[in-house]
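Student: Got a predicted structure here, sequence first:
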Number of protein chains: 2
Amino acid sequence: MKIVNLSQKFDLFQEHWSPRIVGELNDSYVKLAKLQGEFVWHQHENEDELFFVVKGRLQIKLRDRDLVIKEGEFVIIPRGVEHCPVAAEEVWVMLLEPKSTRNTGDQQNERTVEARWI
Amino acid sequence: MKIVNLSQKFDLFQEHWSPRIVGELNDSYVKLAKLQGEFVWHQHENEDELFFVVKGRLQIKLRDRDLVIKEGEFVIIPRGVEHCPVAAEEVWVMLLEPKSTRNTGDQQNERTVEARWI
């Protein structure tokens, strides 16, 4: 039962698109990630995913529109919805998703990484 | 798929110890609550509960020690752990917990409320 300070955790890594696990509850992980540039289109077949923006401005492209999520805001991308995150400037996010979630969802490619604890 | 702005949602209610639902994912709810004063001792038998402090300083009494969670920090109280939240000054928190979670856990009393959407 540790208290997790988001700023302190974000100081521990610099890589983009490489989520770190900072908590687990009810078969889900809380993750932190730094994002910059454009990711890849993907979906998560059975998992809803929450993006909470801690710093910066996150664009999430959907097939029919774009979302822009600012600091202090979150959005939940439901399972089965194709999306592509884009960060024109660096963005820090807190993610909440089931433990089974792969960062690239239904895609496996050079952007696929295994999240690890920090 | 709505973008949720925490500040705007917190402006919509003033009651203490009365969580409001602002999102759902994977059989869990995201809730916001304003806390002031001392709550009641309780536990959640099958549910882990995340407290993220948006504003203020939250004390969570455990049977063997106290936690103090500050702005930008979170803690996860595992299922089965008795706890009693205390807010000397008003605290704003974001909670994450299974939909089945009752605010007073294994206790049903005058502090028990049904969370509703805002």
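Tutor: Structure's in. What do you need?

Student: drop to CA atoms for contacts and neighbour counts, all remaining ones
Tutor: Fine.

Student: Tell me the residues of chain A that contact chain B?
Tutor: Neighbours of chain B within chain A, by Cα under 8 Å from any Cα of the partner chain: A:1-7, A:23-26, A:47-50, A:67, A:69, A:72-78, A:98.

Student: Can you get me the start-to-end distance on stretch A:38-57?
Tutor: One end of stretch A:38-57 sits 13 Å from the other (Cα to Cα, to the nearest Å).

Student: swap in stretch A:39-56?
Tutor: By Cα to Cα, one end of stretch A:39-56 lies 16 Å from the other end.

Student: Flag every buried residue along it.
Tutor: A:39-44, A:47-56 (16 or more other Cα atoms under 10 Å in any protein chain shown).

Student: cool, and stretch A:80-88?
Tutor: Those would be A:82-87, for stretch A:80-88 by 16+ other Cα under 10 Å.

Student: and A:V53, that one's in a strand?
Tutor: Yes. Assigned with DSSP: H, G, I helix; E, B strand; the rest coil, A:V53 falls within a strand.

Student: was I right about it contacting A:I60?
Tutor: No. Assessed by Cα atoms under 8 Å, A:V53 is found out of contact with A:I60, at 11.7 Å.

Student: tell me the SS of A:V113?
Tutor: coil.

Student: just checking, it touches A:R20?
Tutor: No. If you go by Cα under 8 Å, A:V113 and A:R20 don't touch, sitting 10.3 Å apart.

Student: neighbour-wise, which of those two wins?
Tutor: Taking neighbours as other Cα atoms under 10 Å in any protein chain shown, A:V113 and A:R20 compare with A:R20 leading, 23 against 14.
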